[in-house]
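Student: what follows is a predicted protein model with its sequence.
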Protein chains: 2
Amino acid sequence: MPKKVDHDERRRCIAEAVLRIAGRDGLDGARLRDVAVEAGMSLGSVQHYFASKDEMLRYVVHYLGEHVTERIMAGVRAPASASASASPVLSFLLSMASEMLPLDARRRAELRAGQAFTARAVGAPELMEYLGEGDRWLRERVAELIAQGQRDGELRAGLDPRLESVVLLAMLDGLGSELLVGLRDPEGALAAVRYHLDRLTARPAAMTTSQHSSHP
Amino acid sequence: MPKKVDHDERRRCIAEAVLRIAGRDGLDGARLRDVAVEAGMSLGSVQHYFASKDEMLRYVVHYLGEHVTERIMAGVRAPASASASASPVLSFLLSMASEMLPLDARRRAELRAGQAFTARAVGAPELMEYLGEGDRWLRERVAELIAQGQRDGELRAGLDPRLESVVLLAMLDGLGSELLVGLRDPEGALAAVRYHLDRLTARPAAMTTSQHSSHP
DNA sequence: TGTATTATAATACTCCGGTATGAAAAAGGA
DNA sequence: TCCTTTTTCATACCGGAGTATTATAATACA
C-alpha cells in the first residue's frame, strides 16, 4: 500500500503556516498559495489535506482554540509563582492575564488570527457557538477563582465574582486589541492589569508589584 | 454650466451606504457594486466620487471618526442626566460608556466597521496615527474627568486617573467586541459598566442608576 | 518485482471584484 | 436654442484567488 503520512501532522503544519502568515499580514493575507509556500509544500498538497479553504480555516480555529485553552490550563496547573505566593488567586489571575495578552510574536499572531475569526463569526452560528463555549468556560473559571479568593480572605468580600469576571475579561480583551494595534505598550498594559487586580485584594495597600497606590 | 451637485453630500451618502453594509455583512462584504446599489446609484457614480476603493474607505474612516467624536462630545456638552445629577462625573462616564457600546443597529454598524478598519490599520502607519490620536484624546479626557471627580470628592482619592482611564476604556473596548459577537447581552454589559463605575465612587453604596442623591 | 494506492505537484479553469473606457443624459449659460 | 461641462451609467477589461483536473513520484504489500 501507499506512502503513509500522518495526516494530522500535515494539517497542523499547515495550520501553523496560516498562523504565521496571519500574524504577519493578517488573515486576509493568507492566500492558499502563500500558505503552501509558507508550509513548504505545493498548492496541490494543501488541497490534498483540506478540501476547501473554508475547511482549512475551520481547522485552524479549533487548532487555535486547543492551544489557547491548553496554555491557560498550563497556567492553572503549574502556577509557578502562584503556588509559591501568599496570594495564589491573584498570582494566577495575573499569570492568566499575561498569557492572554499578546506579549510576544506568537501570541500576537494567535490573537490577530483569533480576532479575524471572531469578526467573521458574526452570522456564522457554528463558529459563534464555539466561541461562546470558550468564553463561558473561561468566565466561569475566573468567577470561581474570585469566589475562592474571597473565601480565603485574599480578595475583598464585597466583590461580585460574576461581574468581576466579566469586567476583567473585557478589560483583557480590550487591552489585547489595543496592544495589537499599538495603542498601548506591553508595560502600560501590564501596569493597568496589576493596578486593576490590586484593587480586588483585601489588603489596603498594593502587593503585586512595588507600586505605591498610597493615599495619605 | 453643468449640473451642480454637492460632492460631499454624495460622498456622505456613499459612506452611509458603506456603513450600512458593513454593519450588516461586515466590511469585507462592502463590494463596490453593492455599495452602489445600497446608495441607490450606479457603480460608475461611485467611481465618479471616489477614484479608488481605498480612497473611499479612507473617507469612511474619517467620516466615522467625525461622527463618533461628535457623539461623544454631544454627551459632554449636553449631559442631560449629568447636569441634573449630583454626581456629574459618574453620570458622564456612564453616558459615555452607553454611547461607546454597540447598543443599537447604528452603533453596531459603526463599531463593526471601526474594528474592521482597526484590524486593517496594522501596518498602515497613517491609519494607525489617526486611531492613536483619537485614543489619546479620549483617554486624556477620561483621565481629566476622573481627576476632577476626585477633586470634587465624588470619586475615591486613591484612584490613579491615568490607569483608571486605561482600564475603563479597555473594558469598554472589550465589552463592545463581546457585544458585537453576542458573547454578552446589552443588559449584562451595562451592568458590568455600572458595577465598575460604582467602585470608583467615594460613597460606599451604589448610586449610578436612578438616584436621588441625598447625602449624609 | 510489480502493482495499487496515496502523496505531491503542475496547470488549467472560472468566477469575482476593482478598474478603465466610452457613451448617453442633464443642466446652466451664451 | 445650442454648447459645454458635469453627472450618470453600461460595459469591457484584467488580475487574483479558490477550485478542479491531470500527471508524476513514492511506497507498502502480494
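Tutor: Perfect, thanks for sending it.
Student: and the lengthiest helix in chain A, what does it pack against?
Tutor: When chain A is parsed with DSSP state H, its longest helix is helix A:125-151. Where contact means 3 or more CB pairs under 8 Å, 6 or more residues apart in numbering or on different chains; DSSP states H and E, helix A:125-151 is packed against helix A:53-77, helix A:88-100, helix A:105-121, helix A:161-181, helix B:161-181. (Each C-beta comes from the backbone N, C-alpha and C, glycine too.)
Student: out of the ones you listed, flag the one nearest residue B:44.
Tutor: helix A:105-121 (30.6 Å; CB to CB).
Student: for the closest one, which positions count as buried?
Tutor: Buried residues in helix A:105-121, defined by neighbour count with 16 or more other CB atoms under 10 Å in any protein chain shown: A:107-119, A:121.
Student: enumerate the residues of chain A near DNA strand C.
Tutor: A:1-5, A:7, A:10, A:41-45, A:47-49 (CB under 7 Å from any atom of the strand).
Student: which of the residues you listed sit farthest apart?
Tutor: Going by CB to CB, the pair spanning these furthest: A:1 and A:43, at 25.8 Å.
Student: got CSV for the buried residues of helix A:105-121, with pLDDT too?
Tutor: Shown next, in CSV, are the buried residues of helix A:105-121 (pLDDT from 0 to 100):
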residue, pLDDT
A:107, 94
A:108, 95
A:109, 94
A:110, 95
A:111, 96
A:112, 96
A:113, 95
A:114, 95
A:115, 95
A:116, 95
A:117, 94
A:118, 94
A:119, 92
A:121, 89
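Student: for the most centrally placed residue in chain A, give me its contacts.
Tutor: Centroid-nearest residue in chain A: residue A:100, 3.9 Å away (criterion: CA atoms, centre = their mean). Neighbour list for residue A:100: A:72, A:172, A:176 [criterion: CB atoms under 8 Å, 6 or more residues apart in numbering or on different chains].
Student: out of those, which comes closest to DNA strand C?
Tutor: Nearest to DNA strand C among those is residue A:176, at 28.8 Å by CB to the nearest atom of the strand.
Student: show the pLDDT at that closest one.
Tutor: The model reports residue A:176 with a pLDDT of 98.
Student: one more: the one 4 residues further on?
Tutor: The model reports residue A:180 with a pLDDT of 95.
Student: next one: the one 3 residues further on
Tutor: Confidence per residue is given as pLDDT, and for residue A:183 that number is 96.
Student: ditto for residue A:216
Tutor: 39.
Student: circling back to that earlier point, which one's more surrounded, residue A:1 and residue A:43?
Tutor: Neighbour totals were compared for residue A:1 and residue A:43, and residue A:43 leads with 14 against 3 (other CB atoms under 10 Å in any protein chain shown).
Student: what's the closest non-adjacent residue to the more buried one?
Tutor: Leaving aside its chain neighbours, residue A:43 sits nearest to residue A:36 (4.6 Å; criterion: CB to CB, 6 or more residues apart in numbering or on different chains).
Student: and the next helix or strand past the strand or helix carrying the one you found?
Tutor: Secondary structure assignment for residue A:36, by DSSP states H and E: helix A:32-38. With elements assigned by DSSP H and E, the helix or strand that comes after helix A:32-38 is helix A:43-49.
Student: residues from chain A in reach of DNA strand D?
Tutor: So far as CB under 7 Å from any atom of the strand goes, chain A lies against DNA strand D at A:1-4, A:31-33, A:43-44, A:47, A:51-54.
Student: ok, which of the buried residues of helix A:105-121 also contact chain B?
Tutor: Contacts with chain B within the buried residues of helix A:105-121, as defined by CB under 8 Å from any CB of the partner chain: A:112, A:115-116, A:118-119, A:121.
Student: might you report the residue contacts of residue A:121?
Tutor: So residue A:121 contacts A:127-128, A:131, B:181 (CB under 8 Å, 6+ apart).
Student: redo that, cut-off 6 Å
Tutor: Neighbouring residues of residue A:121 by CB atoms under 6 Å, 6 or more residues apart in numbering or on different chains: A:127-128, A:131.
Student: next: residue A:22.
Tutor: Contact analysis of residue A:22 by CB under 6 Å, 6+ apart lists A:30, A:112-113.
Student: give the burial count for residue A:44, as a bare number.
Tutor: 8.
Student: for residue A:104, give me phi and psi.
Tutor: Main-chain dihedrals, residue A:104, degrees, to the nearest 10: phi -140, psi 180.
Student: nope, residue A:202 is what I was after
Tutor: Residue torsions, per degrees, to the nearest 10, at residue A:202 are phi -80, psi -20.
Student: how close does it sit to DNA strand D?
Tutor: Going from residue A:202 to DNA strand D by CB to the nearest atom of the strand, to the nearest Å gives 53 Å.
Student: please report phi then psi for the nearest residue to that residue once chain neighbours are set aside.
Tutor: Spatial nearest neighbour of residue A:202, chain neighbours left out: residue A:156 (5.3 Å); criterion: CB to CB, 6+ apart. Main-chain torsions, residue A:156, degrees, to the nearest 10: phi -60, psi 140.
Student: so residue A:156 touches residue A:199, yeah?
Tutor: No. Shown here, residue A:156 and residue A:199 do not form a contact pair, counting by CB atoms under 6 Å, at 8.2 Å.
Student: just how off-centre is the helix or strand that contains residue A:190 within its chain?
Tutor: If you go by DSSP H and E, residue A:190 is part of helix A:186-198. Counting by CA atoms, centre = their mean, to the nearest Å, helix A:186-198 is centred 17 Å from the centre of its parent chain.
Student: near chain B at all, that helix?
Tutor: Yes. Contact between helix A:186-198 and chain B, assessed by CB under 6 Å from any CB of the partner chain, occurs at A:192, A:195-196.
Student: nearest to DNA strand C: which residue in chain A?
Tutor: residue A:44 (2.0 Å).
Student: so that residue versus residue A:33, what's the distance?
Tutor: Distance of residue A:44 to residue A:33, given as CB to CB, to the nearest Å: 11 Å.
Student: next: residue A:50.
Tutor: Residue A:50 is 13 Å from residue A:33, by CB to CB.
Student: of these two, who's got more company?
Tutor: residue A:50 (21 against 11).
Student: appreciated, that's everything.
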